[in-house]
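Q: Quick one: sequence and predicted model below, then my questions.
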Amino acid sequence: MSNYIIIGGDGKEYGPVTAEEVAGWVSSGRANGDTRIKAETDSGWTRLSDVPELTTVLTSSFQESTSRSIPTTSSYAAHDIPPLPPDIESRDHDAWGAGCLNRGATVYQTLFGPSTGMIAAFFGILIAVIIAMITAQIILLLIPLVGILIAIALRLVVSLSLIPLYAGPTFFFINAIRNQPARIGLLFAGYSRAFGQCILFGIVQSLIIMVSMIPGFAIAFFSVGWPFAVFFIDIYQAIFLGGPSPSFPEFTLLNIIGFLGGLLIACLPVIYLSTCWAFSLPLVVDRKMNFWSAMELSRKVVNKHWFMVFLFSLVVGVIASSGAVVCGIGLLFTVPLGIAMYAAAYVHLFDER
């Protein structure tokens with residue numbers, strides 16, 4: 001038998017080791033079918049499950065993790081708070097190399113019926129809330145001034161109250177990936193486990209992102225908006241103060257570059273911060289963390305490989321939204337698939353391996 005070298009979850013190479021030792025690592029959870037491996041004499045890497053010699057020595061723990069039969073037992077109960085690994089801020093991660101896309105797809109296929117029902121309930125709630133909000137705002141807008149203020153306040157309150165709901169589908173799949181019972185009732189876990197912290201997370205994240213966009217919008221405004229402001233001032237002076245007739249503002253290439261550059265500068269912090277805080281809400285609900293601690297932990301972990309996490313999130317987002325092309329009905333199937341992949345990445349990043 002050949003000796004092998006594998007790449008561990010920390011990104012380091014281990015070996016050479018025998019096939020029996022590799023099987024022992026699979027049994028203990030240190031390796032799985034997506035672990036990168038190569039024979040000692042080879043130059044290229046491959047997946048552990050693609051090595052013919054190892055298919056006969058993989059233990060039942062590996063077979064269970066890749067089968068469609070998801071057990072309902074775990075080292076802690078579904079209502080418990082799983083401990084964070086002690087080396088969570090120092091260890092490495094690789095959402096691609098760990099096979100999170102495949103793992104999420106497998107769990108989704110296994111729980112196709114419950115996950116479809118869960119996401120249908122999720123969309124049903126959102127649609128019902130939107131219809132109720134539109135109806136209420138139409139009625140309130142008939143009341144001068146006071147009705148407008150109430151409509152704005154109502155919209156803000158409803159938007160914030162929905163934030164815990166957004167955590168529900170992810171928590172559903174997190175439990176499934178941990179081999180815990182995944183019930184449709186977990187859709188409301190954000191309300192029962194961390195309602196206040198979810199709301200605070202939504203407020204603080206939105207405020208920070210909006211403030212970070214101000215410089216970019218300021219540049220865009222002064223590049224294009226300022227000439228218009230001067231134009232309207234000249235109109236006012238011409239009409240009421242007898243000033244000269246105003247001329248319509250002319251825009252140069254510099255104005256256009258400034259406008260587009262300002263929009264880009266406004267978007268960059270949104271992309272960066274949204275990626276850094278991508279796992280904050282699951283941490284708040286799953287670990288019942290303080291919202292700021294969750295945001296900081298998510299940022300520290302993601303920043304180890306920010307660009308790779310961004311690409312992973314982008315791919316998952318494309319997969320989740322692809323169902324919109326089928327008259328929107330496809331979202332019932334692609335959205336839970338994307339969320340399952342995202343949940344698999346969360347478990348890889350923040351659970352014991």
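A: Yep, it's here.
Q: Which residue is the nearest non-sequential neighbour of Q205?
A: Of all residues not flanking Q205 in the chain, W277 sits nearest, at 6.0 Å (Cβ to Cβ, 6 or more residues apart in numbering). C-betas here are computed from N, CA, C, even on glycine.
Q: So what's the residue count around the one you found?
A: W277 is flanked by 21 other residues according to other Cβ atoms under 10 Å.
Q: need the contact list for it.
A: Q205, M295, S298, R299 (Cβ atoms under 8 Å, 6 or more residues apart in numbering).
Q: Could you rank those by neighbour count and give me the top one?
A: When neighbours are counted by other Cβ under 10 Å, S298 leads those with 25 neighbours.
Q: My read is that that one contacts F279, right?
A: Yes: taking contacts as Cβ atoms under 8 Å, S298 lies within contact range of F279: 4.3 Å.
Q: Remind me which helix or strand the residue nearest to F173 when sequence neighbours are not counted belongs to.
A: Counting by Cβ to Cβ, 6+ apart, A343 is the residue found nearest to F173 once chain neighbours are left out, at 3.7 Å. In this assignment (DSSP states H and E), A343 forms part of helix 331-350.
Q: Alpha carbons of that helix, as PDB, please.
A: Output in PDB follows, covering the C-alpha atoms of helix 331-350 (Å, rounded to 0.1, in the frame of the first residue of the first chain):
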ATOM      1  CA  LEU A 331     -37.000  29.900  -5.600                       C
ATOM      2  CA  LEU A 332     -38.800  27.400  -3.500                       C
ATOM      3  CA  PHE A 333     -36.100  24.900  -4.400                       C
ATOM      4  CA  THR A 334     -32.900  27.000  -5.100                       C
ATOM      5  CA  VAL A 335     -33.200  29.300  -2.000                       C
ATOM      6  CA  PRO A 336     -33.100  26.400   0.500                       C
ATOM      7  CA  LEU A 337     -30.300  24.800  -1.500                       C
ATOM      8  CA  GLY A 338     -28.300  28.000  -1.200                       C
ATOM      9  CA  ILE A 339     -29.100  28.400   2.500                       C
ATOM     10  CA  ALA A 340     -28.000  24.800   3.100                       C
ATOM     11  CA  MET A 341     -24.600  25.500   1.500                       C
ATOM     12  CA  TYR A 342     -24.300  28.700   3.500                       C
ATOM     13  CA  ALA A 343     -25.100  26.700   6.700                       C
ATOM     14  CA  ALA A 344     -22.500  24.100   5.800                       C
ATOM     15  CA  ALA A 345     -19.900  26.900   5.600                       C
ATOM     16  CA  TYR A 346     -21.000  28.200   9.000                       C
ATOM     17  CA  VAL A 347     -20.600  24.800  10.600                       C
ATOM     18  CA  HIS A 348     -17.200  24.400   9.000                       C
ATOM     19  CA  LEU A 349     -16.000  27.800  10.200                       C
ATOM     20  CA  PHE A 350     -17.400  27.800  13.700                       C
END
